[in-house]
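Peer 1: Quick one, fold the following:
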Amino acid sequence: EPADRSEFGIPENVPLLFNAGALVGHKDQATLLNAVAGLRDRVPAFYLLIAGEGTLRASLENQIASLELEDCVTLAGHREDVPQWMRAADCYVSSSWSEGLGTSVLEALACKTPVVAAEAGGIPEMVRPGESGYLVPNKNPEALADAIAACLESPDEALSMAVAGQQRVLEVFSTERMVEDTLAQYHALVAERLGLTA
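Peer 2: Below you'll find the model as predicted:
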């Protein structure tokens, strides 16, 4: 079930952007806030909900105030219902400049939510531009704003990419597939080692 927007007073008819991650430097919500400030001229109305807690909360609150985004951005703190918010969102936005696998992007695609993501870690493996989502250079608020605008302005196209992204997650990133691939690597290493000692 999608989360209930009314908890944060988010109107039903307004596009909802969602971001989940600790409020720390490499998650780079500062770039995301600069991007949504640039969206205001292009997208008549939208709302950004950021789930997560961390050392940069005060800094991000100050940035929200200085960019005058209080009416359309909420720092929701730590949430246990992130998948429900992913389902409620019109677009999941990842602004990180450093990631391992990028599990939040995987989760969003698994929920069939359109994704806009900065290039980091394993994210380009999941988000293929024009195929399974929108991929932009990291630390680039203008490119991030352009991609979010494209996502919101072409919802049918964004959704068809999200469907393809969900399929890709199921095919390539499922637990079973990861276990199979890991076991195959171990088998190859053992065979190689046995070959070396024979």
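Peer 1: so which helix or strand takes in the nearest residue to S132 once chain neighbours are set aside?
Peer 2: Nearest non-adjacent residue to S132, counting by C-beta to C-beta, 6 or more residues apart in numbering: G165, 3.5 Å away. To be clear about C-beta, it is placed using only N, CA and C from the backbone, and glycine gets the same treatment. Assessed by DSSP states H and E, G165 sits inside helix 155-172.
Peer 1: Repeat that for L135.
Peer 2: strand 134-136.
Peer 1: host element of L75?
Peer 2: Going by DSSP H and E, L75 is part of strand 73-77.
Peer 1: same deal with S59?
Peer 2: helix 57-66.
Peer 1: And for R193?
Peer 2: Going by DSSP H and E, R193 is part of helix 175-197.
Peer 1: re earlier: for the residue nearest to S132, list the residues it contacts.
Peer 2: By C-beta atoms under 8 Å, 6 or more residues apart in numbering, the residues touching G165 are L109, K112, V115, M126, V127, S132, G133.
Peer 1: after the strand holding L75 comes which helix or strand?
Peer 2: helix 82-88.
Peer 1: Does anything pack onto that following helix? Which helices or strands?
Peer 2: In this structure, helix 82-88 makes packing contacts with strand 16-20, strand 47-51, helix 103-110, judged by 3 or more C-beta pairs under 8 Å, 6 or more residues apart in numbering; DSSP states H and E.
Peer 1: Adjacent strands (with direction) for the helix or strand just after the longest one?
Peer 2: This means helix 103-110. Sequence order places strand 115-118 as the next helix or strand after helix 103-110, per DSSP H and E. Using DSSP bridges, the strands paired with strand 115-118 are strand 91-94 (parallel), strand 134-136 (parallel).
Peer 1: now those as JSON lines including mean pLDDT, mean neighbour count and distance to R5?
Peer 2: Shown next, in JSON lines, are these (pLDDT from 0 to 100; neighbours: other C-beta atoms under 10 Å; distance: least, C-beta to C-beta, whole Å):
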{"stretch": "strand 91-94", "mean pLDDT": "98", "mean neighbour count": "27", "distance to R5": "14"}
{"stretch": "strand 134-136", "mean pLDDT": "98", "mean neighbour count": "23", "distance to R5": "23"}
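Peer 1: Make a markdown table from those strands and add distance to M161 to it.
Peer 2: Compiled in a markdown table, those are given as follows (distance: least, C-beta to C-beta, whole Å):
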| stretch | distance to M161 |
| --- | --- |
| strand 91-94 | 11 |
| strand 134-136 | 8 |
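Peer 1: re earlier: of the helices and strands packed on helix 82-88, flag the one that's most buried.
Peer 2: strand 16-20 (a mean of 25; mean count of other C-beta atoms under 10 Å).
Peer 1: Can you name the residues in contact with it?
Peer 2: Residues contacting strand 16-20 (C-beta under 8 Å, 6+ apart): 5, 10, 29, 32, 36, 46-52, 79, 82, 85-86, 88-95, 104, 108, 113, 148.
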